[in-house]
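Student: here is a sequence together with a model predicted from it:
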Amino acid sequence: MNSTVFVEMESFQFTKTGQAACGDDLQIKVLKNENRYLAVLSDGLGSGVKANVLANMTTTMALRFLQSNMDTLQSVETIMDSLPVCEVRKISYATFSMVDIRLGGVTRVVEMGNPQYIQLRGDQEVPPVRHETIVSKHWPDRQVECYDLKMEPGDRLIVASDGVTQSGLGEGSQYKFGWRRCGELAFAQERVRGNPEISSYALARSIAYQAYAISKNTCKDDITCLVVYMRTPRVMRLLTGPPYYKEHDREYALKADLGEEHTIVCGGTTATILERILGKRVEIDISHLKPGDKLPPAGKIPGVALVTEGILTLTRVCIALEQDEDLSQVPTPVRRIIDMMMQHDRIEFVVGTKVNEAHQDPTLPQDLELRRGVIRRISDALTRKYRKEIEVSFF
């Protein structure tokens, strides 16, 4: 993929009410050496643990076949041969959608049983053009739809399980036949018109929550939505810790020039350096403070989106990312940092290496780590779980 283009792939999911495991499964893989972006969404028949296991079998096989460039018919037949058939319904235990995006945005979508994908160019739909329908001799009652399309910068691809399109099924005259694909499309277009730069995660979350709301705030089926967004990469920079040598303070402070919506400062000493070098003052913002927050309130410097306490806040960010914590339950500065990270694709950490003597205080939490160790763990979580591009530089 062109270095000036970023492919953002994010999803949101609800588990059917009353079930311990989601019957949908989604797997994403980025092959940087091949400039390929792969995703597979599978919906297991029924719900719960059994559906989850079989959906996971499907996504695992399909992702492996995509990566190895196996023939589509052979891949589909192998998947269907491997899955059991329901004795009552006489259909496979899992449906699937496979997405393969290559250099230049050349994209192939393969669907069996899942709702048809949606492609948006801006807020306008790019109508699907069926390339071919594959009918297996082994499984003549199954149809696999294959589409070849072109993703251009600014395009979005939306793939969902039928928990989205069938939400509200039977809920009065408005949703007699469910939300359907046309409802999902109209809602996505409305959200994009309202926020043309809405992130993949935010759009997927909005669609999933709307499906949930249509079903009267209950999940009668598992709900999964994947959004792929091809665009210019968004870069943010986080500065933390004073430089080892004081004479580097000016060069360090000037790293905060990326733009107000793209810069975070973590640490009181770091903020003081910026105040001194840039001649600007930190203003404490208590408007986002919540009762029970155990961290100092965040502040703001003109030209910088957020100024927070340092190592304690970063440690909580690290824990929240590693443990997939509910962001509504974490301290406000932590939530705001993670929200900004989720809105960007490339995250640059500028880390000062001077040791803060306060961190040697034995009364501080035992799990308090040196700044570099925390940044390393945050970087690993962002790369592994959210496919963010990370750069770390030290001063």
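Tutor: Yep, that arrived.

Student: for the protein, which element, helix or strand, carries the lowest mean pLDDT?
Tutor: Using mean pLDDT, DSSP states H and E, the weakest-scoring helix or strand in the chain turns out to be strand 130-135, at a mean of 77.

Student: the residue sitting furthest away from the middle of the chain and Leu239: what is the separation?
Tutor: Distance from the C-alpha centroid of the chain peaks at Glu247, with 39.7 Å (Cα atoms, centre = their mean). Going from Glu247 to Leu239 by Cβ to Cβ, to the nearest Å gives 17 Å. The C-beta positions use only the backbone N, C-alpha and C, and glycine is treated the same way.

Student: cool, Asn69 as well?
Tutor: Taking Cβ to Cβ, one finds Asn69 at 43 Å from Leu239.

Student: quick one: which of these two has more around it?
Tutor: Leu239 (27 against 11; other Cβ atoms under 10 Å).

Student: a strand runs through the more buried one, doesn't it?
Tutor: Yes - assigned with DSSP: H, G, I helix; E, B strand; the rest coil, Leu239 falls within a strand.

Student: got the contact list for it?
Tutor: Applying Cβ atoms under 8 Å, 6 or more residues apart in numbering to Leu239 gives the contacts 252, 255-256, 263-266, 270, 274, 350, 352.

Student: what stretches of the chain score poorly on pLDDT?
Tutor: 1-3, 85-92, 172-173, 287-290, 292-293, 355-369 (pLDDT under 70).

Student: which stretches of it form helices?
Tutor: Taking DSSP state H, the helices of the chain run over residues 48-67, 72-82, 162-165, 180-194, 200-214, 249-253, 268-278, 311-322, 332-342, 371-386.

Student: will you turn those helices into TSV that also has distance to Met151 and mean neighbour count?
Tutor: Converted to TSV, the helices of the chain look like this (distance: least, Cβ to Cβ, whole Å; neighbours: other Cβ atoms under 10 Å):
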stretch	distance to Met151	mean neighbour count
helix 48-67	16	20
helix 72-82	19	17
helix 162-165	21	26
helix 180-194	15	16
helix 200-214	13	21
helix 249-253	39	17
helix 268-278	40	18
helix 311-322	29	21
helix 332-342	22	21
helix 371-386	21	18
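
Student: mind putting those helices in JSON lines, distance to Ala94 included?
Tutor: Below are the helices of the chain laid out as JSON lines (distance: least, Cβ to Cβ, whole Å):
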{"stretch": "helix 48-67", "distance to Ala94": "4"}
{"stretch": "helix 72-82", "distance to Ala94": "8"}
{"stretch": "helix 162-165", "distance to Ala94": "12"}
{"stretch": "helix 180-194", "distance to Ala94": "20"}
{"stretch": "helix 200-214", "distance to Ala94": "20"}
{"stretch": "helix 249-253", "distance to Ala94": "53"}
{"stretch": "helix 268-278", "distance to Ala94": "50"}
{"stretch": "helix 311-322", "distance to Ala94": "30"}
{"stretch": "helix 332-342", "distance to Ala94": "29"}
{"stretch": "helix 371-386", "distance to Ala94": "24"}
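
Student: can you tell which of those helices is closest to Asp123?
Tutor: If you check each of those against Asp123 by Cβ to Cβ, helix 180-194 wins as the nearest, at 4.5 Å.

Student: sorry, back to before: Val106 is nearest to which of the helices of the chain?
Tutor: helix 48-67 (13.9 Å).
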